[in-house]
Structures are given as structure tokens and as C-alpha cells.
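*Asks:* Here's my sequence, what's the structure:
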Amino acid sequence: MKVTPSVLTVPGSKMNGQNPLPMFRSRTQNHNPDRYEGDFWPDELLDGFGDNVGFRVLPYRMQDRYDRELVHSAYKLIVLENEYLKASFLPGFGGKLYSLIDKRTGRELLFSNPVLRLGNIAIRNAWVSGGVEWNIGIIGHTFFTCSDVFCALLKDDDNNEFVRIYEFERMKRLYWQIDFHLPSGEELLYSHVRIINPNDHEVGMYWWTDMGIRESEDLRVLSESDRLLYIAPTDKHYPRDQREGKPSSYQFGFAPYEEVCKRFGFDVSFPCLFETADDYFFHAKEIDPAPWVAAAYNDGFVFFNRSTPKLRSRKMFTWGNHKGGRRWCDYLSESGTGYFAEIQSGLAYSQNHTVPMPAHAQWEWTECFSSLNLNEQTDTVMNGPFETAVEEVKNQINKQINPQKLAELDKIFSVLSSREIERLLHNGSGYGALQRTATNGQDPAGLQFSETTIGEEQLPWLNLLDKGCFPAYDRRMDIPSWMANDPVWMELLGKSIAGSDADNAAAHLALGVMLYENGQYDEAEQEFLTSAELLPNPLAYRCLVSCQPGNALQLMEKAMSMDDGSLDKGYWEEYLSLLLSAGKYQEVWNYYNSLTKDRISDRISIMAGNAALHIGEEDFVLTLFCREMQCIREGATDLSELFFRYHTVKEAKRLGVPVSGELEKRIRAEITVPEYLDFRII
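*Replies:* The predicted structure follows:
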């Protein structure tokens, strides 16, 4: 009913820019997930399962430049409230719904993190836990999760104010918006999503609304389901791309709820019973006219989410009660305050699926978020059979919002979704305005991408558009942004290289990045070679590493030979990683000790620690165990492995024997990784 700009003052991590190096897509985009033997999988679940889930981030840059120190900071907040609920959004964090409070009781409905502490979880690295985030594009926490998005104020026909967040998604070239409605008299917060595909081709659409909920021993997650698509317990160890996060591929199972409980040995509707991190997807035989998911607690409190049928699927995620999962919750917040689980709503059967969105299509749906109290039915829901608990919670949700009412509201919100903005409250990126200019098009109805948002990142491309040439750069190639496989920009840059930019090393480099992301690897290699020939530059040689993996070390040595002290530390991270893989431990150690403090990242320190274990400098590793590392990726075991290797080396010296696999196996069985170093999630 009322929208108010405000400020959130909490301790938070400081973002210190972005990684300037283009991070290329994995050449293996399609995985073939291992499946539990004996389970019957219907054809619709197998269709596209595991397709297009490999690492991919361009044209976005990695957000890996932040520290772990918490500093009291002020963050812009947009508050939407009526007499019952108060919803607070962070436009600088992808429009995250940071908090949803019942004003009558003062109770927080979500897990609202008391700090904004960054961790290496999202596609682009940086992520903060808690609240509700809106994941679009590809598998993972969205490109926008730690970025500014547009936020605007509007009014409905009854003069109720509502909030609109929106942006242009560059990888798949889509427009997305969410309108948040909280009319007078309503006890539910509504979100109406609209996605527009302006392309002349189909795109694989991915959307998951991720709700952080308070975790406790009594938490029970419920949704209508005949079967669960779940991660199966397994002792297998799968290869993983460090950039993707969790170990991949998983072993998946698909079975009735009772059978899944039997396999795990406990009731899987209680997240706290999982020993390790896990997630599963609810699967019903028929599409519910209003799918829902709920988080219930012993005091009778229930948080729930419901949607129109377009958003068909629901998911549960838990960190598990293993100390690695507990460590992650503390690591992402403050010790003892950050325990959370997640419930999610999505378009496809799982996050390893996408849904084909036709060319020029527009999709819309409505979700709602609220709570209820079970009162005398609390014992039935918390201690009764799964089916009985589901039925009772569904009946209670229907009393607040039944499928018919939600469908009627969806139609009303759909009409409002193209209403023109009354006042812009926060700016997003300049790429929406740039794309409009490049395509000679118009902003979609109801969206506003002002030319004033075009800034430094967009200027090289605006220059290409206006003057027909790409700016020239010196050999440092400080190009402020990248494009991926956008045909508009590929054509423009190709034309410029055929003309005035024929001898522009930067233009060839930028085109090479686009060609690589388009899967034209040989053509990309030629552009990188041309760039290096026209103007020997470290970035061209570094990019060639992805095209010529057999010559990776030699190419990076060429790049590093050009370091005059100005090369970004990202180069050193990649170079030392190659040296370490090649067993050149002394070189890693020497380079580490030659770097100035401002060029040593936590990732470099860990590599130096691994090298130190091989050259008699193992005591250096102890200094790493005294620090909290910023670079630890979800699913990574860097510190626990370093801990085991350190103690293996020390024991080998004590015994006067060489390090061996047998000795390391014994050490792993005898010693325990300290909790503060243990980030293992499986």
C-alpha cells in the first residue's frame, strides 16, 4: 500500500571491484547425471536432464574481489508495507527480499541475515545468505545477486503503491521484471513476474525463487508430492569444475516419498536429520492449479509460498548437520546466528532442467508469501504422517489464498505489469539502454532504461555503435566489459575489423571472446593470435590458454613475462595454478615470496601452502590455518585437504619415511579437521 525508500545499517563485507579477466565457458555444457539404479524415470524427466548446466558466466565478470571483514555499512532499502506486513528489498543485491515481517506480532517470516557477509557461492562468486532471491538465466545463484537492479514505484487502480524491480539479462538477452503488491487489507505479499524473450529464437528458460528460512531441529518442509527427485547418498567421487560449486555430477534418485525415507533411514521432510548438505525436488503426478511449499515449526508457525501453475516445481535444500554445513552457515553470517535452510519454487522439474521459451514469447506468473498458525493442528502436522500433514497444511493455505483467488489476482497483476513507471527509485546497469540503442528498438512497455545509466562499462560498445570502431587499448588491455555470443555485437565488431579496426589488437581480442562463448573455438584462437601479433599483450596469451591447453604453461609464461607490476592478481592466480599442476613447487614458492602484499589473494596463499608442503616449508601452512579465507567455494575442500596433507608430511618426517598414500590414509582416519577449517558438505 505504501512504498518508502529507507536505509539498512548492518555489518557487511566490502566489494572491491570485479575480476577483469574473461572467464570462459566450460566446453562441456551438457552433463549426464548419474542415476540411482533401479528407479524408473519417465521420459519427461529425462528430456534435457543435465543439459546446459556447465559453467558459464560471460558476458558478466566475476565478483571475487571482497574481503571477510565486517564493517558497519549503510545499504539502500525499499520498504513496501500495509497494516499487516512489512517487506524490505535490497536493490543493490538483485532486488533481494531481505525481510518480511508480520507487523501484528513482530515476527520475521524469513531467515533475515543480521549481516551482509559475502561468500563464494553464486555463479559470479559473491553471494549473501538469507531473504528471497530471484534466480534467472542458468543454474546457480543469479548474475544479479550482488548487483544493482532497477527499482521503481507505481500505483494500482485503487491508488495502492507497489514496487517494480527489473533488468536486462545479457547472457540470454531477456527482460525480466517483478511487481510486488501488498494492497490494503491483504495478509500476503504478492510477486508478479514477467519475462520477455525478444529474440528470434527459442531460449532455455531457468527460474527459481529461492527463499531462505530459519533452520531449527523442529523444521518440517511440506509440499504436495507423489515422488521426490533427490540427490542419492553415494560413496562415489565425481570430477568437478571448481567454478560450478557443488560436486558434479550428482547421483540422482527418483522414487516415492516413503522409499526415499527408507533409503536415507529417516523422514526426509525434516531437514535437520540430514547429515550432509542435500536437496530434493517435489514431483506430483499432475500439475497443481496452485503449487505450494511450506516450512512448519513446533510452535505452530508456518511460512508458505504459493503460485499460479506456471511455476510448477518446489525444492528443499539443507546444509545438513555435519560440521561442514554448520561451518558454512556461520561463515556466511555471524557465529551461531546464520543457520538457514531453503525452500524454492521453479519453472522446471529440477535445477538440472530448463524449459524452452519460444521466440518473442512473454511469460507471466504470480507468487505469494505469507504465514499461518496451525493452532490445534500443530501436532498433526509436526508429528503425523507426511500425507496427513500435507493435507492439513494445504487446507489451511486454501483458507488464506485458494487457487481461484490467486488466478483472479494474476489477471489483475498482469494488466498492471505493463503500467508505466511513476518514479524511479534505484538504477540498474546501462546495458538495457545500450541494447535498445543497438537494436533500434524500444523499451518493453512498463520498463525504463535511461541513457543516463550508460557508463564506463558500456562506453567501448557505444563507441563501436556510434563511430563504427572499437577503442584501442595499450598492452594491458583494460577493456572494462565483455560481450558474449550476441549476434548484434558480433556483427558490428566483425564489420569494424574488416575495416578500420583491422589493426586494432583490442578489437580482435574482444571478438575472440565472443567467438569462444559462441562455441567457435578455432575462430576464437585465430583472433587471439592476431591480437598478440598486432600488439603483444598478456591478455591475448592468457586467452590462448583455453584454446591450446597443451601449451598452457608456456603461454602463461609469455603473459607473465610482460608484467611490469601492473598486471591484475588474477593472472598470478591462474599462472601459479598451472605451475602447481605441473609440479613446479619451488617456482610457486619463489613467485609467492616475490609478490607484494596487495597482489596476494587467499587463493594464491593456499597454492603457496600446497607448494610449501613439497619443499620442506610445511610450517608456513600453519599461518594459513590462523586466517579466515575469502575464496572457499561451496563444495571445495581446499583447507581440509591442506590440513590432512600437512599432518601427513609432519608424521612422515617424524617417522623418517617418505610420504605415501598409505600414510595419508592412516592420518585421515586418526585426526579430525577442526571445525573452523571444515567446509566439506558431503
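*Asks:* any idea how the protein splits into domains?
*Replies:* As assigned by automatic domain parsing, the chain contains the domains 2-416, 458-567, 591-682.
*Asks:* residues near S225, how many?
*Replies:* S225 is flanked by 23 other residues according to other CB atoms under 10 Å. In short, each C-beta sits where N, CA and C put it, glycine included.
*Asks:* should've said A126
*Replies:* Neighbours around A126, by other CB under 10 Å: 24.
*Asks:* what's near enough to touch it?
*Replies:* 15, 63-64, 66, 118-120, 145-146 (CB atoms under 8 Å, 6 or more residues apart in numbering).
*Asks:* try R306
*Replies:* With CB under 8 Å, 6+ apart, R306 has these contacts: 290-292, 367-368, 397, 401, 406.
*Asks:* ok, so what distance separates it from E217?
*Replies:* 26 Å (CB to CB, to the nearest Å).
*Asks:* Give me the most central residue, this structure.
*Replies:* H141 (1.8 Å; CA atoms, centre = their mean).
*Asks:* Okay, it and N125: tell me how far apart.
*Replies:* Taking CB to CB, one finds H141 at 10 Å from N125.
*Asks:* before we move on, what about C547?
*Replies:* 24 Å.
*Asks:* Can you report phi and psi for the residue lying closest to N537 once chain neighbours are set aside?
*Replies:* Of all residues not flanking N537 in the chain, R475 sits nearest, at 4.1 Å (CB to CB, 6 or more residues apart in numbering). As for R475, its main-chain torsions (degrees, to the nearest 10) stand at phi -70, psi -10.
*Asks:* isn't R475 right next to A540, touching?
*Replies:* No: shown here, R475 and A540 do not form a contact pair, counting by CB atoms under 8 Å, at 9.1 Å.
*Asks:* quick one on the thing from earlier: which members of the contacts of A126 occur in strands, if any?
*Replies:* 119-120 (DSSP state E).
*Asks:* could you dump the contacts of A126 to a markdown table with neighbour count?
*Replies:* Formatted as a markdown table, the contacts of A126 follow (neighbours: other CB atoms under 10 Å):
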| residue | neighbour count |
| --- | --- |
| M15 | 16 |
| Q63 | 24 |
| D64 | 23 |
| Y66 | 20 |
| L118 | 25 |
| G119 | 22 |
| N120 | 26 |
| T145 | 24 |
| C146 | 24 |
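*Asks:* which of the contacts of A126 lies closest to P183?
*Replies:* Proximity of those to P183 was ranked by CB to CB; the top entry is T145 with 28.4 Å.
*Asks:* residue contacts, the closest one?
*Replies:* T145 neighbours (CB under 8 Å, 6+ apart): 93-94, 96, 122, 124, 126-128, 133, 135.
*Asks:* Kindly report the same for N298.
*Replies:* 218, 378, 382.
*Asks:* got a pLDDT number for it?
*Replies:* Note on N298: pLDDT of 97.
*Asks:* so how far is F317 from it?
*Replies:* 21 Å.
*Asks:* Could you give the bridge partners of L97?
*Replies:* Beta bridges link L97 to F89, V132, judged by DSSP bridges.
*Asks:* Begin at 44, not 1, for the rest of this chat.
*Replies:* Fine by me, first position is 44 from now on; the one you just mentioned is L140.
*Asks:* Hmm, G174 and it touching each other?
*Replies:* Yes: with contact defined as CB under 8 Å, L140 reaches G174; the gap is 5.2 Å.
*Asks:* which one of the contacts of T188 sits closest to G379?
*Replies:* For the contacts of T188, the nearest to G379 is V171 (17.7 Å; CB to CB).
*Asks:* so what does the helix or strand bottoming out on mean pLDDT in the chain touch, helix or strand wise?
*Replies:* Sorting the helices and strands of the chain by mean pLDDT, DSSP states H and E puts strand 77-78 at the bottom, at a mean of 84. Using 3 or more CB pairs under 8 Å, 6 or more residues apart in numbering; DSSP states H and E, the elements in contact with strand 77-78 are strand 294-299.
*Asks:* Can you name the element that comes right after the strand it packs on?
*Replies:* Remark: after strand 294-299, the chain's next helix or strand is helix 300-307, criterion DSSP states H and E.
*Asks:* related to what we said a few turns ago, ok, so of the contacts of R349, who is nearest M599?
*Replies:* Nearest member of the contacts of R349 to M599, counting by CB to CB, is E410, at 47.0 Å.
*Asks:* surely the closest one meets H224?
*Replies:* No: contact criterion CB under 8 Å: E410 and H224 do not qualify, at 10.8 Å.
*Asks:* So for these two, which residues contact both of them?
*Replies:* In contact with both E410 and H224: 233-234, using CB under 8 Å, 6+ apart.
*Asks:* Identify the residue spatially nearest to Y584, adjacent ones excluded.
*Replies:* Using CB to CB, 6+ apart, the closest residue to Y584 is A602 (4.0 Å).
*Asks:* same thing with P401?
*Replies:* Closest to P401 by CB to CB, 6+ apart is E245, at 5.5 Å.
*Asks:* now swap in D529 and tell me
*Replies:* D529's closest residue in space is R216 (CB to CB, 6+ apart), at 6.4 Å.
*Asks:* what residues does stretch 710-725 touch?
*Replies:* With CB under 8 Å, 6+ apart, stretch 710-725 has contacts from 289-290, 319-320, 362-363, 365-371, 374, 668, 671, 675, 677-683, 686-687, 690-691, 694.
*Asks:* from what I can see Q405 touches I239, true?
*Replies:* Yes: shown here, Q405 and I239 form a contact pair, counting by CB under 8 Å, at 5.1 Å.
*Asks:* quick one: which of these two has more around it?
*Replies:* Set side by side, Q405 and I239 show more neighbours around I239, with 19 against 16, by other CB under 10 Å.
*Asks:* ok, what's across the strand from the closest residue to the more buried one other than its chain neighbours?
*Replies:* Distances taken as CB to CB, 6+ apart place Y218 nearest to I239, at 4.3 Å, with adjacent residues excluded. Here Y218 sits in beta bridges with F211, I239, as judged by DSSP bridges.
*Asks:* Lovely, talk soon.
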